[in-house]
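Asks: quick check, what structure comes out for this input:
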Amino acid sequence: MRAIELAEYGCPEVLKTVEAEVPEPGPGQVSIDVAYAGVNFADLKARTEGYRVTALPFRPGLEVSGRIRAVGAGVTGLVVGQEVAALTGGGGYAEVAVADAVTVFPLPAGIDLRTAATLPTVLPTAQALVHAVGRLQPGETVLVHGAAGGVGTVVGRLAKAAGAGAVYGTVSSPAKAEHARRHGYDELFTGDFERDPRALEKAVRAATGGRGVDLVLDPVGGETLKASLASLAVFGRLVSFGNASSAEPWHVGQPELYPTGVSVSGFSVLMLAKTGPDALRALAEQAFAKVADGTVTLPVTAEFALADAAEAHRLMGSRTSTGKLLLKVA
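Replies: Here you go, the predicted structure:
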């Protein structure tokens, strides 16, 4: 079978097409004939800095859609030929991928394989950020970093559906702001807030009459996380769900939390897949249902052949992409 691997860290060109043996599922696993593979920022961090890479050569790809090829020992409720979406934890950039059965989700009626490839990481993450972890209440205000990306696009719609009073977002360009406005955002802040975090707090305070926002969703970390915390209203909540800045972990304590009673929490769909697979499945079922009923959509804005994975990485790394990027495998 064909697969994409990297034998060293570096620019997109380190992604090479190789011929590999077809993997077989172990106990509690299934193998999947991949139709589409999702491209995620975590794949870029794996390629450039070894994020979640256990050894080289390494095969990226955290999510796929396709049909079950084989079922390992002890697996129930999944059958050969069934159309599914799956979190793979790695190895998705291939014609056949293996996933733990607990992170394989049968597709609801009306969701095709192309749409399904956009779902496994983004939809449960967005559902958790708005509801399970963020606990957004009707009338509350929310600020979302990366509003034009995959998670940001879905969060905008989910927040509106949850009755948010106002949905604010940060983007890096006017074109991305236009995309975000089509997906539920009321006001967008454009700029490089990693370099000028103070400008973020000023923009949020100005937009909210000095009050701040009730909820901030932050995949950036570093200085942006600090500015986000300073942008919260009294009793506000911040959810960290990534560290795109690759900054050193920042410690928050009494000086930041006590004065206005704010709180900080975190979420990782990949970690939840290991520590709470039943909770992840419940999130996925809730989120997929909202796609099936039309509450949310995640547009595929670019599609590449498997052999062109480097081009997909180059586009995502340029910070000009919006929505979801896919590799068409089958």
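Asks: got the phi/psi numbers for the residue most central in space within the chain?
Replies: By Cα atoms, centre = their mean, the chain has its centre lying nearest to Val122, at 4.0 Å. When read as degrees, to the nearest 10, the backbone of Val122 gives phi -70, psi -50.
Asks: what sits against Ala159?
Replies: By Cβ atoms under 8 Å, 6 or more residues apart in numbering, the residues touching Ala159 are 130, 136, 142, 144, 167, 184. The C-beta positions use only the backbone N, C-alpha and C, and glycine is treated the same way.
Asks: now do the strands in the stretch 101-250 of the chain.
Replies: Under the criterion DSSP state E, counting those that start in this stretch, the stretch 101-250 of the chain contains strands at 104-106, 141-145, 166-171, 187-190, 213-218, 232-240.
Asks: Thr320 is nearest to which of these?
Replies: strand 166-171 (10.9 Å; Cβ to Cβ).
Asks: grab the nearest non-local neighbour of Val154.
Replies: Distance criterion Cβ to Cβ, 6 or more residues apart in numbering; nearest residue to Val154, sequence neighbours excluded, is Ala126 at 3.9 Å.
Asks: what residues are up against the one you found?
Replies: Counting by Cβ under 8 Å, 6+ apart, the residues that Ala126 touches are 151, 154-155, 158, 287, 296.
Asks: same check, this time on Arg281
Replies: Contacts of Arg281 (Cβ under 8 Å, 6+ apart): 102, 105.
Asks: is it in a helix, a strand, or coil?
Replies: helix (DSSP: H, G, I helix; E, B strand; the rest coil).
Asks: Ala247 versus that one, what's the distance?
Replies: Distance of Arg281 to Ala247, computed by Cβ to Cβ, to the nearest Å: 32 Å.
Asks: equivalent analysis for Pro255, please.
Replies: Distance from Pro255 to Ala247, by Cβ to Cβ: 19 Å.
Asks: which strand runs longest in the chain?
Replies: strand 29-39 (DSSP state E).
Asks: where's whichever helix or strand comes after that one relative to the chain centroid, distance-wise?
Replies: Following strand 29-39 in sequence order, the next helix or strand is helix 41-49 (DSSP states H and E). For helix 41-49, the separation from the chain centroid amounts to 13 Å (computed by Cα atoms, centre = their mean, to the nearest Å).
Asks: likewise for stretch 239-247?
Replies: 12 Å.
Asks: hey, where'd the helices end up in the stretch 51-200 of the chain?
Replies: Ranges of helices within the stretch 51-200 of the chain are 113-116, 122-127, 150-161, 174-181, 197-207, based on DSSP state H, counting those that start in this stretch.
Asks: can you list the buried residues in the lowest-mean-pLDDT helix or strand in the chain?
Replies: When the helices and strands of the chain are scored by mean pLDDT, DSSP states H and E, helix 254-257 comes last with a mean of 89. Within helix 254-257, the residues scored as buried using 16 or more other Cβ atoms under 10 Å are Glu256.
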